[in-house]
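Asker: Dropping the sequence and predicted coords here.
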Amino acid sequence: MQAIIDWLLEGDPAIRWQTQRDLLDATPRRWRAEQSRTATNGWCAQYLAKQQRSGGWGGGLYSPKWTSTTYTLLELHHLGLPRDNAAARRGVSLLIAGMLGGDDEAAFARALKREDLCIVGMELELAAYFGQMPRRSNSTIDRRVDPLVGRLLETQMPDGGWNCRLGRDKHVVHSSLHTTLNVLEGLRTAIECGLKRQRAEVEAAEARAREFLLAHRFYRSHRTGEVINPVFTLFSYPHRWHYDVLRGLDYFQRAEAERDPRAQDAITLLESKRLKDGTWPVQQRHSGLRYFDMEKIGKPSRWNTLRALRVLRWWGQGA
């Protein structure tokens, strides 16, 4: 195992700091020092170098996929760019203003009602992470966190999840794993970043959504037990808006969820993907534009290995 840890620590600063925090229990002072290097070295620095004069990326707010402002900022968050990074905060301000109406409250309310729930989850994730900074509580980003949370709480479906087609298709009666994970990651980020109002309601909503995932064993029909979509069993990174089992399990460990026997099937699947050298590969890449490839398909992946090991650690099987 030490050889795998050493291999992870030889990777990008984004991998190193999360390995230190999640697998080695390093002190915050140590891992935050490594995290700060992401702004000037490695993948984060490469993304930041692509920022346009407008403050956005790729010539658009949500499209083109995957070079737009939304998806670039999501990657910067997942990589662990420090929350107070000025370039990212500028990008989020542009995103919120452009997609949800800026300071115009009436326009914001109308836009929020129309927004795809997957995107609302992403917007919450970005506004919470790169907003809500000390001494900046009156910024446009900060003031959008509570209504974004409220919109997600009011659209949770009876089965515990969310579906982006809700409101557009009257026949929608069942939640989507894709939408549910995008929303859950947004809600979890809001809590981690200090959400105060509606916190109890958010935690209750998360618990109901986790029950939805467990009822489906993370990737199976709750009625027949059959695999919902074989793609869910293939682990990708970056995952973009797509759901897969590793992404779902990684959310559970992040939320420090109770270990439920219904997750064993997904854990067994995760273990079955491990290569002989103890690492996990990238198994798929979602088609679309991209600035660069972090890792190669079919090859050992530091991202998937790091995420798999912290899931197994949460499950009680050690790193």
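Answerer: Received, thanks. Residues are numbered from 1 along each chain as shown.
Asker: any idea what sits nearest residue 300, other than its immediate chain neighbours?
Answerer: residue 279 (3.9 Å; Cβ to Cβ, 6 or more residues apart in numbering). Every C-beta, even on glycine, is put in place using the N, C-alpha and C of the backbone.
Asker: mind listing the helices in the stretch 151-300 of the chain by residue range?
Answerer: 177-192, 199-215, 245-254, 264-272 (DSSP state H, counting those that start in this stretch).
Asker: and if you look at the stretch 1-150 of the chain?
Answerer: Assigned by DSSP H, counting those that start in this stretch, the stretch 1-150 of the chain shows helices spanning 2-9, 13-22, 28-36, 42-49, 69-79, 86-100, 105-114, 117-130, 140-154.
Asker: need the contact list for the closest residue to residue 218 other than its chain neighbours.
Answerer: Leaving out its chain neighbours, the residue that sits closest to residue 218 by Cβ to Cβ, 6+ apart is residue 266, at 3.9 Å. With contacts defined as Cβ atoms under 8 Å, 6 or more residues apart in numbering, the neighbours of residue 266 are 217-219, 245, 248-249.
Asker: doesn't residue 212 make contact with residue 159?
Answerer: Yes - at 5.6 Å, residue 159 counts as touching residue 212 under the criterion of Cβ atoms under 8 Å.
Asker: Of the two, which one has the most company?
Answerer: Higher neighbour count among residue 159 and residue 212: residue 212, with 21 against 18, using other Cβ atoms under 10 Å.
Asker: pLDDT score assigned to that one?
Answerer: On the pLDDT scale, residue 212 is placed at 98.
Asker: Once you drop chain neighbours, what's closest to it?
Answerer: Nearest one to residue 212, counting by Cβ to Cβ, 6+ apart, is residue 160 at 3.6 Å.
Asker: follow-up on the earlier one: deepest of the helices of the stretch 151-300 of the chain, which one?
Answerer: Counting by mean count of other Cβ atoms under 10 Å, helix 177-192 has the highest mean neighbour count of the helices of the stretch 151-300 of the chain, with a mean of 24.
Asker: So what's the model's average confidence on that one?
Answerer: 98.
Asker: could you measure the residue nearest in space to the middle of the chain against residue 64, distance?
Answerer: Central residue of the chain (Cα atoms, centre = their mean): residue 185, 5.0 Å from the mean position. Residue 185 is 22 Å from residue 64, where distance means Cβ to Cβ, to the nearest Å.
Asker: how much does the helix-or-strand element of the chain with minimal mean pLDDT deviate in direction from helix 199-215?
Answerer: When each helix and strand of the chain is scored by mean pLDDT, DSSP states H and E, helix 140-154 comes last, with a mean of 90. In terms of direction (axes from the mean of the first three to the mean of the last three Cα atoms, to 10 degrees), helix 140-154 departs from helix 199-215 by 50 degrees.
Asker: related to what we said a few turns ago, pull the contacting residues for the residue nearest to residue 300.
Answerer: Neighbour list for residue 279: 4, 7, 300-301, 304-305 [criterion: Cβ under 8 Å, 6+ apart].
Asker: Could you report the separation of the residue nearest to residue 218 from residue 203?
Answerer: Taken as Cβ to Cβ, the span from residue 266 to residue 203 is 22 Å.
Asker: Look up the closest residue to residue 90, ignoring the ones flanking it.
Answerer: residue 55 is the one closest to residue 90 (Cβ to Cβ, 6+ apart), at 4.3 Å.
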